[in-house]
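Build the 3D model from these lines:
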Amino acid sequence: MDLSADLPTKVFLSYARVDDEALGFAKPMKQMLESRFHATTGRTLRVFLDRDDIALGDNWREKLREGVGECMVFLACVSGNYVTSQNCRDEFIEFRQAAAAMDVSKLLIPVAHTVSRHCADSGSRMRLRHTPPTTKP
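Numbering: from 1, shown residues only. Next comes the predicted model:
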């Protein structure tokens, strides 16, 4: 019996809070990823979202470290605000260090989120685009 099939696949959703405040994409993205993963695989996907997984009074930095350290996939919602955010940079560095410490290659997925103001206002579905990393010649 393979017990690993019963364990959830863990994903850390890293995003700039200012982007989510303007566009409201983080919670719908989490729900969409979890439901589609379950629908296509029959397995559970557990997406760490700071607003859901850090309770009032928790040491938020420690909770973020735990979330990053336990994830198999680091989903970075890259934007101009993301790359200038110290908190986002810290999450990314923590992810890379955790992967290196375990000598494993965890999965880093950069996602450019493109949600028009119209989509955000009307509640239309968001469009996500995976942006593959560029390779140097």
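
Count the neighbours of residue 26 for me.
Other residues within reach of residue 26 by the criterion other Cβ atoms under 10 Å amount to 23. For the C-beta atoms, the positions are set from N, CA and C on the backbone; glycine is no exception.

Now do the contacts for it.
13, 15, 20, 49, 51, 77 (Cβ atoms under 8 Å, 6 or more residues apart in numbering).

hmm, try it at 6 Å
For residue 26, the contacting residues are 15, 20, 49, by Cβ atoms under 6 Å, 6 or more residues apart in numbering.

Among the residues you listed, find me the one that's closest to residue 107.
Of all these, residue 15 has the smallest distance to residue 107: 17.0 Å, by Cβ to Cβ.

can the contacts of residue 26 go into a markdown table with extra columns for secondary structure and neighbour count?
Compiled in a markdown table, the contacts of residue 26 are given as follows (DSSP: H, G, I helix; E, B strand; the rest coil; neighbours: other Cβ atoms under 10 Å):
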| residue | secondary structure | neighbour count |
| --- | --- | --- |
| 15 | coil | 25 |
| 20 | helix | 20 |
| 49 | coil | 18 |
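
got those residues as JSON lines, with distance to residue 97 and pLDDT columns?
Rendered in JSON lines, the data for the contacts of residue 26 read as follows (distance: Cβ to Cβ, whole Å; pLDDT from 0 to 100):
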{"residue": "15", "distance to residue 97": "20", "pLDDT": "95"}
{"residue": "20", "distance to residue 97": "25", "pLDDT": "94"}
{"residue": "49", "distance to residue 97": "21", "pLDDT": "96"}
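
and of these, the nearest to residue 33?
Of all those, the one sitting nearest residue 33 is residue 49; the distance, using Cβ to Cβ, is 10.1 Å.

Excluding chain neighbours, give the residue nearest to that closest one in space.
Computed as Cβ to Cβ, 6 or more residues apart in numbering, the closest residue to residue 49 that is not its neighbour in sequence is residue 30, at 4.9 Å.
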